[in-house]
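Trainee: coords below, sequence missing:
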């Protein structure tokens, strides 16, 4: 229910208007002066201010100015007599939504109020959407405490305020689009559109139309003019995912846009200017693609002004625990059970550390989400993990990577040393925690440290 603040120094007027508006389903506050109105605004949520123009101590113009300092978008309707129309016009110039002449009929007042509130509803919806987007794609939602991810965060902070093109490199599932959105929503372009296109998802002809738009009749099925993603992203950011799959023809057109900031729709002759920032992503090695003749070198250097390399999950395994916590919090409310998921069993965590995660963070998220659905208790155990994941993780414990002439004792010692070093790394060199992670006693763990001459430094 929306709330209206009614301000008038005539004692009887606010209660009358309040009764009229309450009949229309609104909540109301009433005040007999500007200072009283400001106090209400300080302590209450108000969706519209309906104020008289001529009041002692603080008139409607001064109240308007003070309200606009608090919330520039809050609509204000001025009530004015014929003798103060000039003041009402001044109020409109200073941000009032509208004015209404006294005496007025109730029906007209309700129309004015509904129009003002409809506008403010849109303002609030946009604010909430922007807040949600910034919360979702701000640095805080890219999870990682490892040195590798801290470097990524540092680079995002440096890159975001600039207008430079950026290439994001990394395997599938490492979070390239999430980083692209973080760059956008932490830049001066945040109020404009973020538009994403997957260059590998469409054929060349369809992708050309999707990127540049087309004119009516430019090809079979083009029944009307359509704006492309470049136009839709004007003033904002265009994210081109899997840029390594772009055809040679489209590479030439993209190079022209980067150089001249203009393009034509498919079938069109009119040049269209755009102001966009381009961020691209690829899981290919573009320098190898250049050597193979599949990617233009001049386009690469246009795109590669700044680059961010996202490490695969297997190279930042110390982030696995915080990612587990994050995904449990994200999905536990979706499960239909009175028993909340709170953690994973240590054996599950060991499997997660041993697995190489070819699908990276996206795969880990999928495994956690499915396990939460399958888990009957508070702790996710190995039996709750999806079968295909368990098949994959156990298949990674094979002999393909071990030379056929390797000696058993030497090989086991190498594996043991590597596991101990990894456990220490994951637990910040807290030996009791590392021993627990490996499932062995503290004394046995200390013997193995001495056996392998492992240096442990406190952090």
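Mentor: Arrived safely, thanks for sending. Fair warning: this is a prediction, and the values are worked out from it, not measured in the lab.
Trainee: Show me the shaky parts of the stretch 201-350 of the chain.
Mentor: For the stretch 201-350 of the chain, residues meeting the criterion pLDDT under 70 lie at 336.
Trainee: That one: helices as residue ranges?
Mentor: Secondary structure of the stretch 201-350 of the chain (DSSP state H, counting those that start in this stretch): helices at 204-212, 229-232, 248-260, 286-291, 297-303, 320-331, 346-354.
Trainee: Okay, buried residues for the second one please.
Mentor: It stands for helix 229-232. For helix 229-232, burial by neighbour count (16 or more other Cβ atoms under 10 Å) applies to 229, 230, 231. Every C-beta, even on glycine, is put in place using the N, C-alpha and C of the backbone.
Trainee: for the first one, same thing?
Mentor: In terms of neighbour count (16+ other Cβ under 10 Å), helix 204-212 has its buried residues at 207, 208, 209, 210, 211, 212.
Trainee: Mind listing residues that contact the strand or helix carrying residue 20?
Mentor: Per DSSP states H and E: residue 20 is located in helix 13-23. For helix 13-23, the surrounding residues in contact (Cβ atoms under 8 Å, 6 or more residues apart in numbering) are 4, 6-8, 28, 30-32, 50, 52, 106, 109-110, 113.
Trainee: give me that answer again for 10 Å
Mentor: Contact with helix 13-23 is made by 2-8, 10, 26-32, 48, 50, 52, 79, 102, 106-107, 109-110, 113, as judged by Cβ atoms under 10 Å, 6 or more residues apart in numbering.
Trainee: Buried among those? Make that a PyMOL selection.
Mentor: Those of the contacts of helix 13-23 that count as buried under 16+ other Cβ under 10 Å are selected in PyMOL with:
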select buried, resi 2+3+4+5+6+7+8+26+27+28+29+30+31+32+48+50+52+79+109+113
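Trainee: SS state for the residue of the chain most remote from its centre?
Mentor: Each residue of the chain has a distance to the centre, and by Cα atoms, centre = their mean the biggest one is for residue 83: 52.0 Å. Three-state call for residue 83 (DSSP: H, G, I helix; E, B strand; the rest coil): helix.
Trainee: ok, it - contacts?
Mentor: Counting by Cβ under 10 Å, 6+ apart, residue 83 touches 53, 54.
Trainee: Next one: it, what pLDDT does it get?
Mentor: pLDDT, residue 83: 70.
Trainee: And for residue 458?
Mentor: Here, the pLDDT recorded for residue 458 equals 59.
Trainee: Please apply the same query to residue 395.
Mentor: Model confidence at residue 395, given as pLDDT, is 55.
Trainee: for residue 421, same thing?
Mentor: Per-residue pLDDT puts residue 421 at 85.
Trainee: swap in residue 416?
Mentor: You'll see residue 416 listed with a pLDDT of 87.
Trainee: That one: what secondary structure?
Mentor: Residue 416 ends up helix, using three-state DSSP.
Trainee: So it is in contact with residue 451, correct?
Mentor: Yes. In this structure residue 416 lies within contact range of residue 451 using Cβ atoms under 10 Å: 8.5 Å.
Trainee: count of neighbours near residue 199?
Mentor: Around residue 199 there are 22 other residues, counting by other Cβ atoms under 10 Å.
Trainee: Same check on residue 344?
Mentor: Neighbour number of residue 344 under other Cβ under 10 Å is 23.
Trainee: Residue 110 and residue 78, how far apart?
Mentor: Distance of residue 110 to residue 78, computed by Cβ to Cβ, to the nearest Å: 17 Å.
Trainee: follow-up on the earlier one: can you tell which of the helices of the stretch 201-350 of the chain is closest to residue 60?
Mentor: Each of the helices of the stretch 201-350 of the chain was scored for nearness to residue 60 using Cβ to Cβ, and the closest is helix 229-232 (41.7 Å).
Trainee: what's that closest one in contact with?
Mentor: Contacts of helix 229-232 (Cβ under 10 Å, 6+ apart): 193, 195-197, 207, 209-213, 238-240, 253-254, 257, 261-263, 265, 272, 274, 276, 278.
Trainee: which residues of the stretch 151-300 of the chain fall in strands?
Mentor: 166-169, 194-198, 213-214, 226-227, 237-241, 262-263, 272-273, 277-282 (DSSP state E, counting those that start in this stretch).
Trainee: Same list, the ones you listed, but as TSV with mean neighbour count and distance to residue 301 please.
Mentor: Listed next are the strands of the stretch 151-300 of the chain as TSV, based on neighbours: other Cβ atoms under 10 Å; distance: least, Cβ to Cβ, whole Å:
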stretch	mean neighbour count	distance to residue 301
strand 166-169	23	11
strand 194-198	18	21
strand 213-214	22	27
strand 226-227	15	29
strand 237-241	24	16
strand 262-263	17	20
strand 272-273	14	23
strand 277-282	25	13
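Trainee: mind putting those strands in TSV, distance to residue 339 included?
Mentor: Formatted as TSV, the strands of the stretch 151-300 of the chain follow (distance: least, Cβ to Cβ, whole Å):
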stretch	distance to residue 339
strand 166-169	39
strand 194-198	38
strand 213-214	52
strand 226-227	50
strand 237-241	39
strand 262-263	56
strand 272-273	57
strand 277-282	39
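Trainee: other SSEs contacting whichever strand or helix holds residue 87?
Mentor: Assigned by DSSP H and E, residue 87 falls within helix 85-93. With contacts taken as 3 or more Cβ pairs under 10 Å, 6 or more residues apart in numbering; DSSP states H and E, helix 85-93 sits against helix 60-70, strand 76-80, strand 98-101.
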